[in-house]
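Trainee: Sequence and predicted structure below; questions after.
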Protein chains: 2
Amino acid sequence: MDETYDVIVVGGGAGGVAAALRAAQLGGKVAVVEEKHLGGLCMNRGCVPFGHMMLASHFLGDFALAKEMGIVCAEVSKDLAVLLSRQHELIAFMQQGVKTMLNKRRVNLVMGKGKLSGVGRVEVKGKTLEGKSIILASGGRWMKPQFEGSDLPNVVNSDYLLTAKTLPKRCLVYGGGPWSLEIAQFLNRYGSQVWLASPEENLLVGESKTIRSRLTKALQSQGIMVLSGAEVLSLKKNGAGVVALTTVKGQEEILEVDLIITLRRGAALKGLGLETLEMNETAEFLSVNERMETGVKGLYAIGDLTSLENRQYSHLASCGGFVAAENSMGFSRSLDERTLTRIVFTKPQVACVGLTGKEAKERNYEVVIGSAPLSMNAFGMMAAQTEGIVEIVAEKRYGQILGIHMIGDGACEMAGQSVLAVQQEMTLDEMAQTTFPHPTLSESIAEAARDALGIPIYLP
Amino acid sequence: MDETYDVIVVGGGAGGVAAALRAAQLGGKVAVVEEKHLGGLCMNRGCVPFGHMMLASHFLGDFALAKEMGIVCAEVSKDLAVLLSRQHELIAFMQQGVKTMLNKRRVNLVMGKGKLSGVGRVEVKGKTLEGKSIILASGGRWMKPQFEGSDLPNVVNSDYLLTAKTLPKRCLVYGGGPWSLEIAQFLNRYGSQVWLASPEENLLVGESKTIRSRLTKALQSQGIMVLSGAEVLSLKKNGAGVVALTTVKGQEEILEVDLIITLRRGAALKGLGLETLEMNETAEFLSVNERMETGVKGLYAIGDLTSLENRQYSHLASCGGFVAAENSMGFSRSLDERTLTRIVFTKPQVACVGLTGKEAKERNYEVVIGSAPLSMNAFGMMAAQTEGIVEIVAEKRYGQILGIHMIGDGACEMAGQSVLAVQQEMTLDEMAQTTFPHPTLSESIAEAARDALGIPIYLP
């Protein structure tokens, strides 16, 4: 053997880095194997650059309210090159930070593609590393859409935007998940004409009707054309652009656009050497239990590798990393998946934690639901949170809070309250008596709890 | 007797309205006695208009970061009249909302100054109301500053700004509490030259040094002249303005300004008829226990009437209102003062909940403190949260969280997490394992908890 470790982490993204740092902190001799860039999708091509771009687009979105308040910007110019350059610097700075942290904890960074080669072995560029535990954290992969003409150069994924010189005049964003919604809003704010076509019946499939319909309404009022139940059948070249033949709820529709952005992603199982452990590399994702164990002794997997697209969140990856690291190092810890926040950085923001009412009923809970619109909240009125609402789902017997679902600016930071409520198994009574500071949107969480108890104070 | 009630609430502000609605909800026959405007200081002259003005000033504060991101506003105009007119409409709308809610719950609104006249009696305009319980909620009062020349028309309180046609060119804001800081920043953003003179040694006296010094630095970098340990000795007229003789840390200094804004407030005990119950109307405030009881049977008091200036928060008043209402109606409830958020709507925002390290030590806790600067947080880097930090205070034995102190944009909505942590008596271990969504500032709460445990993941 060339090198032996306590823990070998395959993949240096959000999950892998968290796992490596935690394992090293617990005294392990640790290696991280990374093929391309430390920080993974999240830092290089996902949360960080797109979070940054959404922040910029929110500034643009603020102008309408500012104007109502007497602040008028006569002439606004937007320089995409400056925006992208700032985020390149930011990413370079963060990558350097990750390197420094790995160094400081004496984690060995091995550059190259890691591939399993039997129990406890990872091959990198012909070298074999041996590890008592191996944590697979190599992430997801892009999947080509399946319609005719999807090979045309006008069909791109989100990476396109990270180095774009100009933005498309007319763009079809094909997908109804958080990232698609964010990109649609960004392009809209930056001047593109945007169609947001979701093959599913609604945007944010799986979330509560209240949240979905309010967000859809907000996006539409901003000028985004939302097409639900829409499928692209085929594409044809048309000058520099394309003509897309689509069906929208069964009706054929022709769209002429310059660019189609699709974000289908899956788990990247192929080429990981799973077959050397008699594991199935053609599965949709790698199944793990709540301890992040794959079933093969000493082999853990975390992050996008272990999820369908709708659970590919970097905070789930990094938390999975902590869990896998602790279990690798002989501790015992489980991931609390109940508290996963499904987050959308649009304006208004969306943050959903825990069960929707429908899901709770499917699990045979006797369900109570309460809600408090932000249009009845003092800060919500000031900040024109017309579409905002907090919805709380609980089981009736003890009043245990099962889920909190929010739409409104600030929801992403308020989400921590939902996480703590579900994690600490708070009851509606406890939440109803909580004193949130005034004037904040958070007050509506207490009011939603009171509404669920049938004792709203400030609702008509 | 003219009218008899289960509960008479004297004062229709944030506390009184909450008390009245809750008591009525519990089946009580309730009257609210209000002298001037429903909504009290909070809605008419405090949280709401100044929250609104701070929101406007934050938009102005955003331009610098927006510019770094390539969004440039060539020409920004600010129309104070439009701002004040929008908030007048907002307040009128909210007042109407309060009236509707009181009506809906059949609370009797009695206009006039309410005055106790013996046990269980309130006099209003010569009429006597009788109540099984009385909840005093008549708020605070302005106190004139004590320096020579404080009668000059250039010495005003915050009310001045609510109807101002123009803002002062040079303004001295005299005070170091949250509201003074907010006003100083508002005036600065709107073009005034501002001195913020705090008689205490520091701004935000009582808060942790970390929070105080970071906020001071931020305000200074925005162009506000912060004078700590500064006392105004005397004022003299000077043309349309004034010359203020001050001492700053013992050194005499002369300031020429156009306006002095002072915000000294006390409890408004005089004229309440306390002497008819042999209570002392010359005390600094009305003492109550955690059930909001005054010691006189059936007599409760809440809100600014019961606090020194540094605890005059409307969320404390309204929560006190719920507590008093429930106890009045035969239930038993106590106020959890541990969870009071001290909140400052400046940019960056400040939100402090629970004990500082110093306070915890004074109470003989063995203390551990952890912190996580927002300059190491992904979203914090994007949003240039240079001065931001989360500080967490816990006792060592069980790791129970005693306080969380934050500075950074978004802190006001993040504060709910601090409230829940202290209220639910969470431990550092629990907080360290919490999965906050990425990328948010809230993640730094978990990292601060890990830092307190000696196991930070992402700190250098």
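Mentor: Right, received. Where do you want to start? Numbering: from 1, shown residues only, chains lettered A, B, ... in the order given.

Trainee: got any ranges where chain A has weak pLDDT?
Mentor: For chain A, applying pLDDT under 70 flags the ranges A:1-2.

Trainee: How is it partitioned into domains?
Mentor: Structurally, chain A divides into domains by automatic domain parsing as follows: A:3-142+A:266-337, A:155-263, A:348-452.

Trainee: Would you mind finding the most buried of the ones you listed?
Mentor: Neighbour counts (mean count of other Cβ atoms under 10 Å in any protein chain shown) averaged over each of the domains of chain A peak at domain A:348-452, with a mean of 23. Backbone N, C-alpha and C define where each C-beta goes, glycine included.

Trainee: on that earlier part again, got CSV for the domains of chain A, with distance to chain B too?
Mentor: Listed next are these as CSV, based on distance: least, Cβ to the nearest Cβ, whole Å:
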stretch, distance to chain B
domain A:3-142+A:266-337, 3
domain A:155-263, 10
domain A:348-452, 4
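
Trainee: can you give me the strands for the stretch 1-150 of chain A?
Mentor: A:3-10, A:30-34, A:71-73, A:76-78, A:108-111, A:114-116, A:121-124, A:127-136, A:140-142 (DSSP state E, counting those that start in this stretch).

Trainee: Could you check the angle the first one makes with strand A:127-136?
Mentor: Direction vectors for strand A:3-10 and strand A:127-136, defined by axes from the mean of the first three to the mean of the last three Cα atoms, to 10 degrees, enclose an angle of 40 degrees.

Trainee: Tell me where the stretch 201-350 of chain A has strands.
Mentor: Using DSSP E, counting those that start in this stretch, the strands of the stretch 201-350 of chain A run over residues A:225-228, A:230-238, A:241-248, A:251-257, A:259-262, A:265-267, A:299-301, A:341-344, A:350-354.

Trainee: Touching stretch A:69-87 from outside, list them.
Mentor: A:48-49, A:52-53, A:56, A:60, A:63, A:66, A:162-167, A:190-191, B:52, B:55-56, B:59-60, B:68-83, B:86, B:382 (Cβ atoms under 8 Å, 6 or more residues apart in numbering or on different chains).

Trainee: my guess is A:Phe59 meets B:Ala66, correct?
Mentor: Yes - using Cβ atoms under 8 Å as the test, A:Phe59 is close enough to B:Ala66 to be in contact (4.3 Å).

Trainee: hang on, the earlier thing: let me have the strands of the stretch 1-150 of chain A in CSV, adding distance to A:Gln433 as columns.
Mentor: Compiled in CSV, those are given as follows (distance: least, Cβ to Cβ, whole Å):
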stretch, distance to A:Gln433
strand A:3-10, 44
strand A:30-34, 46
strand A:71-73, 38
strand A:76-78, 45
strand A:108-111, 50
strand A:114-116, 51
strand A:121-124, 53
strand A:127-136, 42
strand A:140-142, 43
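
Trainee: Check for me that A:Glu447 belongs to a helix.
Mentor: Yes - counting by DSSP: H, G, I helix; E, B strand; the rest coil, A:Glu447 is part of a helix.

Trainee: what's it in contact with, if anything?
Mentor: A:Ala372, A:Met376, A:Asn377, A:Val390, A:Pro456, A:Ile457, A:Tyr458, A:Leu459.

Trainee: Which pair of those residues spans the longest distance?
Mentor: Using Cβ to Cβ, the contacts of A:Glu447 span at most 14.3 Å, a distance reached by A:Val390 and A:Ile457.

Trainee: Show me the residue at the heart of chain A, geometrically.
Mentor: In chain A, the centroid-proximal residue (Cα atoms, centre = their mean) is A:Tyr313; its distance is 4.1 Å.

Trainee: all helices for the stretch 301-450 of chain A, in order.
Mentor: Using DSSP state H, counting those that start in this stretch, the helices of the stretch 301-450 of chain A run over residues A:314-328, A:357-362, A:378-382, A:411-423, A:428-432, A:443-452.

Trainee: Go through those helices and name the closest to B:Gly175.
Mentor: helix A:378-382 (23.6 Å).

Trainee: Thank you, goodbye.
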